[in-house]
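1. What follows is a predicted protein model with its sequence.
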Amino acid sequence: MKVRRTVDKEVPGLGQRIKEAREADERSLEVICAEIGISRVYWYDIEAERVRNALPEETLRKIEKVLGVNLGVNFDN
């Protein structure tokens, strides 16, 4: 049997932290987006915190992996 839990967490300033991590990376936005599997338009929406509903955790973890950062989003607390 499966049990599913969906939790949203407000993370103020996350878009800015993602932007700063991207700007510190030497690769182009096109390369970064291709590695994550998202469009440039969606990336800019993430940075501007204009994502409708919520940013999927899976996408956040891909961003962290590709940029080599830990953005500190934790669902344990």
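-> Structure's in. What do you need? Because the structure is predicted, anything quoted here is derived from the model rather than measured. Numbering: from 1, shown residues only.

2. Every contact and neighbour count from this point should use C-alpha atoms.
-> OK.

3. so where does the most centrally placed residue in the chain fall, helix or strand?
-> Geometric centre of the chain, nearest residue: Leu60, 3.2 Å, by Cα atoms, centre = their mean. Using DSSP states H and E, Leu60 sits within helix 57-67.

4. Against which helices or strands is that helix packed?
-> Applying 3 or more Cα pairs under 8 Å, 6 or more residues apart in numbering; DSSP states H and E, one finds that helix 57-67 contacts helix 29-36.

5. and the helix it packs on, which residues are buried?
-> Neighbour counts over helix 29-36 (16 or more other Cα atoms under 10 Å) mark 29, 32-33, 36 as buried.

6. And the pLDDT at Glu26?
-> We have a pLDDT of 95 for Glu26.

7. For it, grab phi and psi.
-> Per-residue torsions, Glu26: phi -80, psi -20 (degrees, to the nearest 10).

8. So what's the gap between the helix holding Leu60 and the chain middle?
-> From the chain centre to the centre of helix 57-67 is a distance of 5 Å (Cα atoms, centre = their mean, to the nearest Å).
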